[in-house]
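Q: next input, structure requested:
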Amino acid sequence: MLECGNNYFKNTETSQPPLVVRGRWCSDLYFWSTISIGDTLAELGFLDNVLFTGTALAFDSLDNILARYIFENGFLQRIEQYFVNDSNSELNNLHLLINMKNGIPHGVQRYYSSYTGLVIEKSFQEGILNGPFYFKKEREDYGLEPCVETGIYRMGVYEKTSKPCEWDK
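A: As a prediction, this is how the structure comes out:
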């Protein structure tokens, strides 16, 4: 819950993880959305009018885990979202990993495809890109093999460590 009594999560009634509150958009109305790498989440989570510390889990109607949200003193510290498939291992099903420090991107964040594995990896230091960067670009629609771009962010400044992906070759 939010301090005002509204829900922190909004269930989509699908096999997708719930939407997460993103803030107010008009007066006391809130909006919810999906989570992406690099997002900051400033809304505090409460349970019984006390800042929540613990783990919130989301399941689909068949009790498959969709997401795990770890809170400390009301702030999100980690988000894990999962694919639902035939594998029983959560590690094999990881879709999105977001590490945070009090709702601010901090540490490694990863996005996985259910078909090709790791797609994006970025590292943050208290909200600033800092560390290795990995981006696997699918180019099958162009008749090309996948391409990987790598680099390093040093306190927000990007240094390429690979050639950029080309779309015409």
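Q: confidence score at residue 88?
A: At residue 88 the predicted local confidence, pLDDT, stands at 52.
Q: confidence score at residue 151?
A: In the prediction, the pLDDT value recorded for residue 151 is 93.
Q: same question for residue 101.
A: Listed pLDDT for residue 101 reads 97.
Q: count of neighbours near the closest residue to it other than its chain neighbours?
A: Computed as CB to CB, 6 or more residues apart in numbering, the closest residue to residue 101 that is not its neighbour in sequence is residue 126, at 6.2 Å. To be clear about C-beta, it is placed using only N, CA and C from the backbone, and glycine gets the same treatment. Other residues within reach of residue 126, judged by other CB atoms under 10 Å, total 12.
Q: how much space between residue 126 and residue 38?
A: Applying CB to CB, to the nearest Å, one obtains 13 Å for the distance of residue 126 from residue 38.
Q: got it, and residue 166?
A: Plainly put, residue 166 is 26 Å away from residue 38 if you go by CB to CB.
Q: the more surrounded of these two?
A: Between residue 166 and residue 38, residue 38 has the larger neighbour count (other CB under 10 Å), namely 13 against 10.
Q: contact partners for that one?
A: Under the criterion of CB atoms under 8 Å, 6 or more residues apart in numbering, the contact partners of residue 38 comprise 105, 109, 122, 124, 129.
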